[in-house]
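Asks: Let's see this in three dimensions:
(one chain, ligands or ions: 1)
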Amino acid sequence: MTSDIRPKPGIMDIALYQGGAATVAGKTNTIKLSSNENPFGPSDKAKEAFARSVHQLHRYPSTDHAALRAAIAEVQHLDADRVICGVGSDEIIHFLCQAYAGAGDEVVFTEHGFLMYRISATAAGATPVEVAERDRTTDIGNLLAACNERTKLVFIANPNNPTGTMISAAEVAQLADGLPPQAILVLDGAYAEYVDGYDGGLALIESRENVVMTRTFSKIYGLGGLRIGWGYGPAAIIDVLNRIRGPFNLSNTQLEAAEAAMRDQDYVARCRSDNARMRIWLAEALAELGVPSDTSLANFVLARFADAAEAEACDVYLRDQGLIVRRVAGYKLPHCLRITIGDESACRRVAHAVAQFKGKR
Ligand SMILES: Cc1ncc(COP(=O)(O)O)c(C=O)c1O
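Replies: Sure thing, here's the model as predicted:
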C-alpha cells in the first residue's frame, strides 16, 4: 500500500544536526573538546538547586518563568518583562523563525554561521540565505547587500561559532540601522560571557525596535545537559514569541538550576578568566607548531591546517590519543578543527598530541 503522508515542503531538505562526538570506540579516559562545554561544569549553587528540585517533581512548573526572568533581569540589568526563556537558545531561534518567517520569506546568516539558523528557517518554510564572510569574520557590507523586501531575520553570532571572531559594536549598529524595515537583527550571544565587559549588544537593543538577543546557560554556565536559554528584545517581539512558546517548556529543575547559576556571577568570572588564560596559551602553542588560528573571543580556537587532508589526519591522530575535537567541514571549513578550551591538563594534552602529529609528518 502506498501512503500519501508527506511532511511540509522543505522538511526533507533539512540535514540532521550532528552534535559533537562524545566517545571514541575502544578508548577510555577520553577528553571531549567537541561541543564548547565548560570543562568545570556548573557552579555548586546550580548543582544544589538541581538536587533540591527533586522535591518538586510532581508539580507543574510555572508557565511565566517569573523567578528566572527576575534573576536574569537583576543580574544583567534588564527589564524582566522583555526576557523570554526557552529550551536552550536553540528554542528561541526556533520561535523567531516560526513566528516571523514563512514561505516566500528569507532568513539571512553568515557563511560559517551556526547550523541551527538554516535548520530553523527551513523548518519554518522560509528560504535560508547564506552570506560570505571576510577572512572568517562577519562582513556587514555582504549582509546588507543580501537583504531585500523578503528578508525577515538576520542572524549573527558575536563572537561567532566556529570561527571565534567578533565584530565591533559600531559594526553591529551599522547593520541594525541598514536593515529593511520588516527585518529583525538577531544577536546570538551564546559566547558573550567569555568576552570581558561585553553585554551581548544590550545598548543596541534598548535603542532600537529591530534587535533581539539570544543567550544560553549551555556554555559558560556549564548547563548544556539541562537545556536552558533566553532571549531579550522589544516588548512587541517578546510578546509574539510567548504566544508560540509551550506553556510548560521549562521544568522546575531547569528553572531552579538556571536561577542559581545566574546569581553566581563570581563563578562565571572565574570561568571567564581561566578560559581566557588557557585560550591564549593553546593558541600560542598551536601557532608555534605551525597551526595558526584567528584571535578567538570564545571558549574554543579554530585551528587551521594546510588542507582538509591534514586536518582530517590530525583529527584521527587526536582521537587515537583519546582527544575528541570537532571537524567543521559542515561549516565550510574542511581544513580546520575546532578545539574547545578544556582545563589546563586537557590543553596541554592537545598541544602535546598536535606536536607529535606534526613531528611524524
Ligand atoms: C552560536 C551558537 N548559538 C546557539 C547555540 C545553541 O545553544 P543552546 O541551544 O545550547 O543554548 C550554540 C551551541 O553550540 C551556538 O554555538
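Asks: now this structure, which segments are flagged as low pLDDT?
Replies: 1, 361 (pLDDT under 70).
Asks: swap the cut-off to 80 and go again
Replies: Residues of the chain that meet the criterion pLDDT under 80 lie in 1-2, 360-361.
Asks: Whichever residue of the stretch 1-150 of the chain sits closest to the ligand: what's it in contact with?
Replies: The ligand sits closest to Gly88 of the stretch 1-150 of the chain, with a gap of 2.5 Å, by C-beta to the nearest ligand atom. Glycine gets a C-beta too; all of them are placed from N, C-alpha and C. By C-beta atoms under 8 Å, 6 or more residues apart in numbering, the residues touching Gly88 are Thr216, Ser218, Arg227, Ile228, Gly229.
Asks: which of those residues are close to the ligand?
Replies: The subset of these within reach of the ligand, by C-beta under 6 Å from any ligand atom, is Thr216, Ser218, Gly229.
Asks: Strands - which of those land there?
Replies: In strands, defined here by DSSP state E, the members of these are Thr216, Gly229.
Asks: re earlier: most neighbours among the contacts of Gly88, please name it.
Replies: Neighbour counts for the contacts of Gly88, by other C-beta atoms under 10 Å, peak at Ile228, which reaches 29 neighbours.
Asks: pretty sure that one is in contact with Cys85, am I right?
Replies: Yes - in this structure, Ile228 is within contact of Cys85 by C-beta atoms under 8 Å, at 6.8 Å.
Asks: how far does stretch 184-202 sit from the chain's center?
Replies: 10 Å (C-alpha atoms, centre = their mean, to the nearest Å).
Asks: when you scan that stretch, is anything in it near the ligand?
Replies: Yes - judged by C-beta under 6 Å from any ligand atom, stretch 184-202 and the ligand are in contact via Asp188, Ala190.
Asks: about what we covered before: quickly list what's touching both of Ile228 and Cys85.
Replies: With C-beta under 8 Å, 6+ apart, Ile228 and Cys85 have common neighbours Leu250, Leu255, Ala258.
Asks: Helix or strand: which one has the second one?
Replies: Assigning secondary structure by DSSP states H and E places Leu255 in helix 252-263.
Asks: tell me which residues of that helix are tucked away?
Replies: Residues Asn252, Thr253, Gln254, Leu255, Glu256, Ala257, Ala258, Glu259, Ala260, Ala261, Met262, Arg263 are the ones in helix 252-263 that count as buried (16 or more other C-beta atoms under 10 Å).
Asks: How about the contacts made by the third one?
Replies: The reference is to Gln254. Residues in contact with Gln254, defined by C-beta under 8 Å, 6+ apart, are Pro61, Val87, Leu226, Arg227, Ile228.
Asks: Next up, phi/psi of the third one, please.
Replies: For Leu226, the backbone dihedrals are phi -100, psi -20 (criterion: degrees, to the nearest 10).
Asks: just Ile238 next, same as before
Replies: phi -60, psi -40.
Asks: That one contacts Gly86, doesn't it?
Replies: No - with contact defined as C-beta under 8 Å, Ile238 does not reach Gly86; the gap is 11.5 Å.
Asks: who's more crowded, those two?
Replies: For Ile238 versus Gly86, the count of surrounding residues by other C-beta under 10 Å is larger for Gly86: 24 against 19.
Asks: my guess is that one meets Ser120, correct?
Replies: No - taking contacts as C-beta under 8 Å, Gly86 lies outside contact range of Ser120: 12.0 Å.
Asks: Between these two, which contacts overlap?
Replies: His94.
Asks: Please report how far the closest residue to Ala329 other than its chain neighbours lies from the ligand.
Replies: Of all residues not flanking Ala329 in the chain, Ala308 sits nearest, at 7.0 Å (C-beta to C-beta, 6 or more residues apart in numbering). Separation of Ala308 from the ligand (C-beta to the nearest ligand atom, to the nearest Å) stands at 22 Å.
Asks: neighbours around Ala308, how many?
Replies: Applying other C-beta under 10 Å, we find 14 residues neighbouring Ala308.
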